[in-house]
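Undergrad: Compute the structure for the input listed below.
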Amino acid sequence: MDALEIIQNALGEEINNALLSADKNILSGVSEIRIRKDNYLILTVKNTAYFLEQSGRITDKPNSNCIICSGDYVDKLFFKFCDYSLYSKEDNIRQGFITLSCGARVGIAGSAVLKNGSISTVKDVSSLIIRIPREIKNCSKAVLNSLYKDKLPSIIVAGAPGSGKTTLLRDLAYNLSNGFNAKYRRVVILDEREELSCFNEVPVNCDILTRFPKLQGIEIATRTLSPDIIVCDEVSDYNEVSAISYAFSSGVSFILSIHIGRKEDIYNKKLMRALLGTGEFSYIVMLDKAGFNYEIIEVSEVKGEVFGARDTADFYDSFGRISV
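TA: Next up, the predicted model:
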């Protein structure tokens, strides 16, 4: 049973029956299911919104036959997604999401409850945005054949939300640990949000750290698991870059992702500059949100435009911390 089928079953009889009757070719391309209180259920396909009729017909414009999600339904679904215990999901809820057992991330919109200036939880949930994880077997083969035939470079997978970064990372991890080019690389996956390691088939030479914050996970993996390569999703702050730099000093390679809205952001996003400033990344795989297309960019070709006349060492102080 794939992730969409698991989610369908969780959504209840009306929506499940409609999806069972829907065009399977369209359903196979659904990347999100957006559920809002007293509003239409929306399916996202290739960044376009579609509406679901009770009969299963999918349309690009809402009408009186389309499914509307009541406030009571959304409340009950949210509680169900929390395994009927809000306390057990508290850490994730305060960060604005829940991760389901199939690896789907559910974004939460509602009202923040503040305690001492920090978010302690979210109440009055109004929207649930379900991102559908996909395991597309061998979608990474072209990248592997281009970059990993005779070496183990560190790469950055860049792209906008929904462009396929997690799907590509998952397949790269699977193939590198599962004997690509007759080598079973020691791979560690840092799965902070429980999205990256939802394999239908467990990789051969892969260790998984689940729910570890990336900062601590990188340090633990480097010290105790002897990885050839660490795979992690959505690097988002400079402390994580410092941990990555520490792992590089121990001979570890990385495959990681970063949110980049446009190719131009490679040259002006500070976090990208910090990653490239380590001097360890060889390639950027830039994904196109319009489809599962990509461009491989050699870091050596963009460094001058990213850093200008400044030396990359300027991005680190004497303690190895980022100083942007």
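Undergrad: Only C-alpha atoms from now on, for both contacts and neighbour counts.
TA: OK.
Undergrad: Compute the first-to-last residue distance for stretch 236-256.
TA: 11 Å (Cα to Cα, to the nearest Å).
Undergrad: swap in stretch 240-259?
TA: 15 Å.
Undergrad: can you pull the buried residues of that stretch?
TA: 240-248, 252-259 (16 or more other Cα atoms under 10 Å).
Undergrad: Helices along the stretch 51-200 of the chain, start to end?
TA: For the stretch 51-200 of the chain, the helices defined by DSSP state H, counting those that start in this stretch occupy 71-81, 90-93, 141-147, 165-177.
Undergrad: So which of the buried residues of stretch 240-259 sit within helices?
TA: Taking DSSP state H, the ones among the buried residues of stretch 240-259 that sit in helices are E240, V241, S242, A243, I244, S245, Y246, A247, F248.
Undergrad: The third one and P161, how far apart?
TA: Read it as S242. Relative to P161, S242 is positioned 24 Å away (Cα to Cα).
Undergrad: With the fifth one instead?
TA: Noted for I244: a distance of 22 Å to P161, by Cα to Cα.
Undergrad: where in this protein is pLDDT low?
TA: 1, 290-292, 309-324 (pLDDT under 70).
Undergrad: report the longest strand in it, please.
TA: Assignment by DSSP state E gives strand 118-131 as the longest strand of the chain.
Undergrad: other SSEs contacting that strand?
TA: Contact here means 3 or more Cα pairs under 8 Å, 6 or more residues apart in numbering; DSSP states H and E; on that basis strand 118-131 packs against strand 30-36, helix 71-81, helix 90-93, strand 105-115.
Undergrad: Mind doing that once more with 10 Å?
TA: Using 3 or more Cα pairs under 10 Å, 6 or more residues apart in numbering; DSSP states H and E as the contact test, the elements touching strand 118-131 are helix 3-10, strand 30-36, strand 42-45, helix 71-81, helix 90-93, strand 97-99, strand 105-115.
Undergrad: List the buried residues for that strand?
TA: For strand 118-131, by 16+ other Cα under 10 Å, it's T121, V122, V125, S126, S127, L128, I129, I130, R131.
Undergrad: How about stretch 179-197?
TA: Applying a neighbour-count criterion of 16+ other Cα under 10 Å, one finds 180, 184-197 buried in stretch 179-197.
Undergrad: Next, give me the two most distant ones among those residues.
TA: Distance extremes for these: the farthest pair is F180 and R193 at 26.4 Å, using Cα to Cα.
Undergrad: is it true that E53 touches T59?
TA: Yes - E53 is within contact range of T59, at 7.6 Å (criterion: Cα atoms under 10 Å).
Undergrad: quick one: common contacting residues for the two?
TA: C66 (Cα atoms under 10 Å, 6 or more residues apart in numbering).
Undergrad: quick one: which of these two has more around it?
TA: Higher neighbour count among E53 and T59: E53, with 22 against 15, using other Cα atoms under 10 Å.
Undergrad: Of the helices of the stretch 51-200 of the chain, which stretch is the most buried?
TA: Compared across the helices of the stretch 51-200 of the chain, helix 165-177 shows the largest average neighbour count, a mean of 24 (mean count of other Cα atoms under 10 Å).
Undergrad: So which of the buried residues of stretch 179-197 are in strands?
TA: V187, V188, I189, L190, D191.
Undergrad: Show me what the first one is bridged to.
TA: For V187, the beta-bridge assignment (DSSP bridges) gives partners C206, I229.
Undergrad: Make 871 the starting number, not 1.
TA: With the count now opening at 871, the last piece we talked about shows up as V1057.
Undergrad: so how far is F1050 from it?
TA: With Cα to Cα as the criterion, V1057 and F1050 are 12 Å apart.
Undergrad: got any residues that touch both of these two?
TA: With Cα under 10 Å, 6+ apart, V1057 and F1050 have common neighbours L1042, Y1044.
Undergrad: quick one on the thing from earlier: could you tell me which strands the longest strand of the chain is paired with, and in which direction each runs?
TA: strand 900-906 (antiparallel), strand 975-985 (antiparallel).
Undergrad: Let me know the next secondary structure element after the first one.
TA: Which is strand 900-906. strand 909-910 (DSSP states H and E).
Undergrad: Need the residues that contact that next one.
TA: 904, 920-923, 932-933, 936-941, 996-997.
Undergrad: If we use 7 Å, what do you get?
TA: The contact list for strand 909-910, computed with Cα atoms under 7 Å, 6 or more residues apart in numbering, reads C936, I937, I938, C939.
Undergrad: what are the bridge partners for the third one, then?
TA: As for beta bridges, I938 partners with Y910 under DSSP bridges.
Undergrad: okay but it is in contact with K907, surely?
TA: No - between I938 and K907 no contact is recorded; they are 8.2 Å apart, counting by Cα atoms under 7 Å.
Undergrad: between the two, which one's more packed in?
TA: Shown here are I938 and K907; by other Cα under 10 Å, I938 has more neighbours (22 against 18).
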